[in-house]
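In: structure, please.
(chains A and B)
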Protein chains: 2
Amino acid sequence: MYRRFYRTFVEYTSVRHPEIKRKNNLNRLSVKDIEYFESLLGKSRVLTQDVSSYNIDWNKSVRGQSECVLRPKTTEEVSLIMKRCHERSLGVVPQGGNTGLVGGSNPVFDEIILSTEAMNSILDVDVYSSVATVQSGVILEKLDSHLKEKGLMVPLDLGSKGSCQVGGNASTNAGGLRFLRYGSLRGNILGLEVVLPTGEILDCLSTMKKDNTGYDLKQLFLGSEGTLGIITKVSLQCPARPKAVNVALLACSNFQDVLDTFVAARSNLSEILSSFEFMDNESMNAVTQLLRLTSPIGTEDSFYVLIEVSGSNADHNDEKLDTFLNSLPKIRNGILATSLTQMKSIWELRERITESLLHDGYVYKYDISLPLVQFY
Amino acid sequence: MYRRFYRTFVEYTSVRHPEIKRKNNLNRLSVKDIEYFESLLGKSRVLTQDVSSYNIDWNKSVRGQSECVLRPKTTEEVSLIMKRCHERSLGVVPQGGNTGLVGGSNPVFDEIILSTEAMNSILDVDVYSSVATVQSGVILEKLDSHLKEKGLMVPLDLGSKGSCQVGGNASTNAGGLRFLRYGSLRGNILGLEVVLPTGEILDCLSTMKKDNTGYDLKQLFLGSEGTLGIITKVSLQCPARPKAVNVALLACSNFQDVLDTFVAARSNLSEILSSFEFMDNESMNAVTQLLRLTSPIGTEDSFYVLIEVSGSNADHNDEKLDTFLNSLPKIRNGILATSLTQMKSIWELRERITESLLHDGYVYKYDISLPLVQFY
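Out: Here you go, the predicted model:
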């Protein structure tokens, strides 16, 4: 009963948060504005009907009241849109895949939604320097599939990879499930093209692994959630795609065992350790009960650790992983995936936690980082 | 004859570059300033005699005319120094290990030199999150030795590691010889403490792998060469130290073979590839002839490639490296190091190129990045 109610009704953010006031210096969208945008983009890329999916976040926890979604295809179009909005004092919210969990890609009031979904061209992949240059609306998984043919991969992975966009990943400095191995997006993004609120185009689109000329202005846009400008192009360094991957799921009876297992994994698996994720019992119960997934090692333990290794030689990986798993005296319950299907279903337990929580009612979600030892 | 002349005489930068003018709004250092600094730091850390080694760069290509070197030990001392210099309009040049190759750490006129060499404490190493927090004057190699005991390493390495400082590495966004494996300093530096020109202390000293709160202001200081502020503390994420390392040196007859070898190495050595460096014939001749080093594969080829692999299992590394080397039909000349001594002497050929050039007269050095295919 409650669940059905929740699914069909999302309260306006402005109602839930009456303390947030619309800025008086912002104008209302006029018919002339719409006409201008239609002359620029054509009618099909100016949406004024059925825009609720752009107004509501993936979590269904916020809802804006925008009446207009613009879908530019080029940097120049973004520039002209922003120039118009700047001159007319119209509020704008940039939106990528709208998969964010903190409501950052949705309007609160009547801001125009500038969606990058039509900016989806993979512009270049340089196989020598292993750098991909793309428009910001390219979907992460689509880029990864494209790179697969060239023996490369994107250095980040997250549950929403099927719908999140590279520009949104950059704007939110997304961490994701491969952070441990490939590091932060900051380190992997070599260049950006950004349209400033005035419409000015800032070209920081280097494809150099290292570019120390002047101050690295593009860094300011990474993680700034679109508040300083709209990312229109991204160049990204792409590591070699591993030829073999394996996944283990272990049960730990307390958090100290999780920490000790992590330190041991870093030391013994070292270069092939590509993910180390943990879940607590409550999370495991949420995915298994609410999404009806099955845990291959039961749901009776306090903590679960997912370890992924990947590298260029399957035999070497397996040997290292075996040695490591046999070196853990405190872990009495665990499983090593023996098929791709098993690997995927283990990963599902981790990736679909957020989704499972949605089935349990409203979710107020933070994206937080804490020192490891302060987790529990 | 020329060489001796060169070694004993370095022309003032202001003489070699008369087009650079001293700023009129800067005051001259007074006796009262010196007295203030001595009251703050004690006489032993205010140098006014024999300061030529601080005025001249490692390359011996620039020479300033500073009469005062300050050596603070704490952030608070740096802050008070900068406050005084700001109020009195005195020019300041921050200096780390003074190993830079582009003259960035030396004054041109009478600027005060603020040396971080006395700020050399390793403050904390967190073995769970593998994060080291240090004062900026810690020498890179010293930190690396300290981390070795904990199974960790610094994620960068460069020829000057025995004298360069972590703060200088950060200020110049140093790339170094492990860039390929561990990525940019930007991605590895988690936090900074910086003293602004006014003396204000900016605390961005997070030790989180990911900290997305607000704009990432610290990024502006990385690579800005001390022009925006003086880095006083750095927190750095440190990868697991590899248990086994091996090095190969190959000869290539043209640059395309270098590129093809690189692409093959990235694909086949993947996770264990920790360095891929190349030298041209002229560089090889400079190190072998001017420094009397010996190349184990002669000096007759057009290009030389140094490949380092490192990982947690020596047998696996050797097997991967063997397979890779046997897969290169175009490489007819190469050697795989069989001892630590051999590894070191192969690395010396690469690391001492810059030093060897100094023996050949004046060196005007750029620190440049180019797309790979445009190198030759």
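
In: hey, let's count contacts and neighbours off CA atoms from now on
Out: OK.

In: the residue nearest to residue A:179 when sequence neighbours are not counted and chain B, how far apart?
Out: Counting by CA to CA, 6 or more residues apart in numbering or on different chains, residue A:179 lies nearest to residue A:156, which is 6.6 Å off, once chain neighbours are set aside. According to CA to the nearest CA, to the nearest Å, residue A:156 and chain B sit 14 Å apart.

In: quick one: residue A:156 and residue A:181 touch, right?
Out: No - Residue A:156 lies out of contact with residue A:181 (CA atoms under 8 Å); the separation is 9.3 Å.

In: the two: which is more packed in?
Out: Between residue A:156 and residue A:181, counted using other CA atoms under 10 Å in any protein chain shown, residue A:156 has the larger neighbour count: 25 against 21.

In: would you report the backbone torsion angles of that one?
Out: Main-chain torsions, residue A:156, degrees, to the nearest 10: phi -140, psi 160.

In: how about the nearest residue to the closest residue to chain B within the stretch 51-200 of chain A, chain neighbours excluded?
Out: For the stretch 51-200 of chain A, the residue closest to chain B is residue A:187, as judged by CA to the nearest CA, at 4.0 Å. Distances taken as CA to CA, 6+ apart place residue B:187 nearest to residue A:187, at 4.0 Å, with adjacent residues excluded.

In: same check, this time on residue A:243
Out: Nearest to residue A:243 is residue A:312, by CA to CA, 6+ apart, at 4.8 Å.

In: now swap in residue A:101 and tell me
Out: residue A:59 (6.2 Å).

In: for burial, what's the neighbour tally of that neighbour?
Out: By other CA under 10 Å, neighbour count at residue A:59 equals 21.

In: same question for residue A:159.
Out: Residue A:159: 18 neighbours (other CA under 10 Å).

In: need the contact list for it.
Out: A:176, A:351-352 (CA atoms under 8 Å, 6 or more residues apart in numbering or on different chains).

In: low-scoring stretches of the stretch 201-350 of chain A, by residue?
Out: A:208-212 (pLDDT under 70).

In: and the strands in it, which stretches?
Out: Assigned by DSSP state E, counting those that start in this stretch, the strands in the stretch 201-350 of chain A fall at A:201-204, A:230-237, A:244-252, A:273-280, A:303-311, A:333-336.

In: single out the most deeply packed of these.
Out: Mean neighbour count (mean count of other CA atoms under 10 Å in any protein chain shown) peaks for strand A:230-237 among the strands of the stretch 201-350 of chain A, with a mean of 28.

In: mind giving me the packing neighbours of it?
Out: Here strand A:230-237 touches strand A:131-135, helix A:166-171, strand A:189-195, going by 3 or more CA pairs under 8 Å, 6 or more residues apart in numbering or on different chains; DSSP states H and E.

In: tell me what angle the first one forms with strand A:230-237.
Out: The directions of strand A:131-135 and strand A:230-237 differ by 160 degrees, with axes from the mean of the first three to the mean of the last three CA atoms, to 10 degrees as the criterion.

In: how about the longest one?
Out: Here strand A:189-195 runs at an angle of 160 degrees relative to strand A:230-237 (the same axes, to 10 degrees).

In: is strand A:189-195 in proximity to chain B?
Out: No - Strand A:189-195 lies apart from chain B when judged by CA under 8 Å from any CA of the partner chain; the minimum separation is 9.8 Å.

In: could you tell me which residues of the stretch 151-300 of chain A lie near chain B?
Out: A:151, A:172-173, A:175, A:183-188, A:207-212, A:214-217, A:219-221, A:223-224, A:240-242, A:259, A:262-263, A:266-272.

In: what about 6 Å?
Out: Contact residues (CA under 6 Å from any CA of the partner chain) of the stretch 151-300 of chain A with chain B: A:184, A:186-187, A:215, A:224, A:240, A:267, A:271.

In: which one of the residues you listed is nearest residue B:255?
Out: Distance to residue B:255 across these (CA to CA) is lowest for residue A:240, with 21.6 Å.

In: burial of that closest one, as a residue count?
Out: 25.

In: now for it: which residues touch it?
Out: Contacts for residue A:240 (CA atoms under 6 Å, 6 or more residues apart in numbering or on different chains) come out as A:151-152, B:267.

In: go with 7 Å
Out: Going by CA atoms under 7 Å, 6 or more residues apart in numbering or on different chains, residue A:240 touches A:151-153, B:266-267, B:270.

In: map the structural domains onto the sequence of chain A.
Out: Per automatic domain parsing, the structural domains of chain A span A:13-115, A:122-237, A:244-374.

In: any chance of the ones you listed in CSV, with distance to residue B:76 too?
Out: As requested, the domains of chain A are exported to CSV (distance: least, CA to CA, whole Å):
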stretch, distance to residue B:76
domain A:13-115, 38
domain A:122-237, 26
domain A:244-374, 26
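
In: so which of those is nearest residue B:303?
Out: Residue B:303 lies closest to domain A:122-237 among these, at 17.4 Å (CA to CA).

In: that closest one: end-to-end distance?
Out: End-to-end distance of domain A:122-237: 14 Å, with CA to CA, to the nearest Å as the criterion.

In: sorry, back to before: for the residue nearest to residue A:187, give me phi and psi.
Out: For residue B:187, the backbone dihedrals are phi -80, psi -20 (criterion: degrees, to the nearest 10).

In: count of residues packed around it?
Out: 20.

In: over to residue A:21?
Out: By other CA under 10 Å, the residues close to residue A:21 number 10.

In: within the helices and strands, which one has the residue nearest to it when sequence neighbours are not counted?
Out: Leaving aside its sequence neighbours, residue A:21 sits nearest to residue A:14 (CA to CA, 6+ apart; 7.9 Å). Remark: residue A:14 resides in helix A:13-16, with elements defined by DSSP states H and E.
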